[in-house]
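*Asks:* got a structure for you, letters missing:
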């Protein structure tokens, strides 16, 4: 029963809701702190340090860490650079130049860019609706980037939007690359190794940005904003996000991201940091429409793949797989009794173009066609490879 399934997983839905609320509020505090008190590099260093304190024990004390291979280690090093410097660093850098509304709207482009990166790394055929969704999302991002012209001035709002967009691309590549390790080792273990490596690559620069600031002398409001970013804006929402993602579908993860621009926009408007205008609303409309088409296309593809196929046509009772066919009727004279699944047993050779359960017909040379169920087991893992 669908309702029972939702109620049984209510706390995982709440995980995603609160994670995106916390992430959305971050953008307002980023802009406030970087505009008045701190450099974005200082906030970045403290974010890595606080996340490392929380996630590293999961890697050090988990039995799954012993499954780590050299291949896993190499991939984790690569995606760590994408997460730490590609996602966290660029997101803070961009947010220091742009508005909370623009940054949070661009951050919802994740599913569309995940689909693009997956297609570039693992070429597949996709539903036209999903391709239209990607195009609409890119148009929305272009509106935010170039609404004031095609020249990106240093320190401008457009440059900030570009850095946020690059951060989204970095996390999309990470999502595609690290999926096998997340499934085999567990999310928290992989996150722990992210920050073991992240701490190592940022440690040489830590004191360069931290030692000249007396954080205790910051105004109480700035200290509260910084504490929010480090605890409620980094550690807690990342934990909630991955816990909810493990139990729910990528469709839920993508749709709940729309909470971020709502939370960021309301907080920014309340604090006088930004105002909704025609550019914001137009871009948000394109992006939201595009991402909905992407995730709905994913859902329709899953439904299409899981829908049982008929083994034979009623108009052809003489079909080799028809229930009335003598070749599938148990016969005392036959050395191969009929299969309980209605398929020929291993002793009966399969003929080309003979339907086999939920598999598509074979080609004339006896091979599976392209984009067949052989690849659908991989595609259903949530990496976006569904047609």
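*Replies:* Good, I have the coordinates. Worth saying up front: this structure is predicted, and the values here are computed from it rather than measured.

*Asks:* From now on I want contacts and neighbour counts done on CA atoms only, so please keep to that.
*Replies:* OK.

*Asks:* for the chain, what helix or strand is lowest in average pLDDT?
*Replies:* helix 373-379 (a mean of 42; mean pLDDT, DSSP states H and E).

*Asks:* Tell me where the stretch 201-350 of the chain has helices.
*Replies:* For the stretch 201-350 of the chain, helices defined by DSSP state H, counting those that start in this stretch occupy the ranges 220-227, 236-247, 250-256, 259-270, 278-306.

*Asks:* Rounded mean pLDDT for the first one, please.
*Replies:* Spelled out, it's helix 220-227. Averaging pLDDT along helix 220-227 gives 93.

*Asks:* now swap in the shortest one and tell me
*Replies:* Mean pLDDT, computed over helix 250-256, is 71.

*Asks:* Please tell me how far residue 128 sits from residue 296.
*Replies:* From residue 128 across to residue 296, the span is 12 Å (Cα to Cα, to the nearest Å).

*Asks:* okay, those two: which has more neighbours?
*Replies:* Legend: neighbour count by other Cα atoms under 10 Å for residue 128 and residue 296, higher for residue 296 (17 against 13).

*Asks:* Show the pLDDT at the more buried one.
*Replies:* pLDDT for residue 296: 71.

*Asks:* ditto for the one 10 residues further on
*Replies:* Looking at residue 306, its pLDDT is 59.

*Asks:* what about the stretch 201-350 of the chain, any weak spots by pLDDT?
*Replies:* Scanning the stretch 201-350 of the chain for pLDDT under 70 picks out 249-251, 295, 297-350.

*Asks:* Please repeat the previous calculation with a cut-off of 80.
*Replies:* Within the stretch 201-350 of the chain, the segments meeting pLDDT under 80 span 211-213, 242, 245-255, 258, 274-277, 279-280, 291-350.

*Asks:* Test my guess that residue 64 contacts residue 188.
*Replies:* No. With contact defined as Cα atoms under 8 Å, residue 64 does not count as touching residue 188 (10.2 Å).

*Asks:* Give the full set of residues in contact with residue 177.
*Replies:* 75, 79 (Cα atoms under 8 Å, 6 or more residues apart in numbering).

*Asks:* still on that earlier bit, between the helices of the stretch 201-350 of the chain, which one is closest to residue 70.
*Replies:* Evaluated over those, closeness to residue 70 peaks at helix 236-247, with 24.3 Å, by Cα to Cα.

*Asks:* Would you mind pulling up the elements that the closest one packs against?
*Replies:* In terms of contacts (3 or more Cα pairs under 8 Å, 6 or more residues apart in numbering; DSSP states H and E), helix 236-247 is packed against helix 10-36, helix 187-210.

*Asks:* which residues touch residue 265?
*Replies:* Contacts of residue 265 (Cα under 8 Å, 6+ apart): 100-101, 274-276.

*Asks:* Out of the residues you listed, which end up buried?
*Replies:* Listed as buried from the contacts of residue 265 are 100-101, 274; burial here means 16 or more other Cα atoms under 10 Å.

*Asks:* and which of those residues is nearest residue 164?
*Replies:* Looking at those and their distance to residue 164, the nearest is residue 100, at 10.9 Å (Cα to Cα).

*Asks:* How much space separates that closest one from residue 284?
*Replies:* Counting by Cα to Cα - residue 100 and residue 284 are separated by 13 Å.

*Asks:* Could I get the contacting residues of residue 135?
*Replies:* So residue 135 contacts residue 290 (Cα under 8 Å, 6+ apart).

*Asks:* Just the pLDDT at it, thanks.
*Replies:* 82.

*Asks:* Pull out the buried residues from the strand or helix carrying it.
*Replies:* Using DSSP states H and E, the element containing residue 135 is helix 128-146. Neighbour-count burial for helix 128-146 flags 129-146 (criterion: 16+ other Cα under 10 Å).

*Asks:* And stretch 60-72, by the same measure?
*Replies:* Buried, per 16+ other Cα under 10 Å, within stretch 60-72: residue 65.

*Asks:* next one: stretch 234-248
*Replies:* For stretch 234-248, by 16+ other Cα under 10 Å, it's 234-245, 248.

*Asks:* re earlier: so which of the helices and strands packed on helix 236-247 is the most surrounded?
*Replies:* When the helices and strands packed on helix 236-247 are scored by mean count of other Cα atoms under 10 Å, the highest mean neighbour count falls to helix 10-36 (a mean of 22).

*Asks:* quick check: mean pLDDT across that one?
*Replies:* 89.

*Asks:* Residue 88 and residue 192, how far apart?
*Replies:* 16 Å.

*Asks:* Pull the residues that contact stretch 69-84.
*Replies:* By Cα under 8 Å, 6+ apart, the list of residues contacting stretch 69-84 from outside reads 48, 170-171, 173-174, 177-178, 181, 190, 193-195, 197-198.
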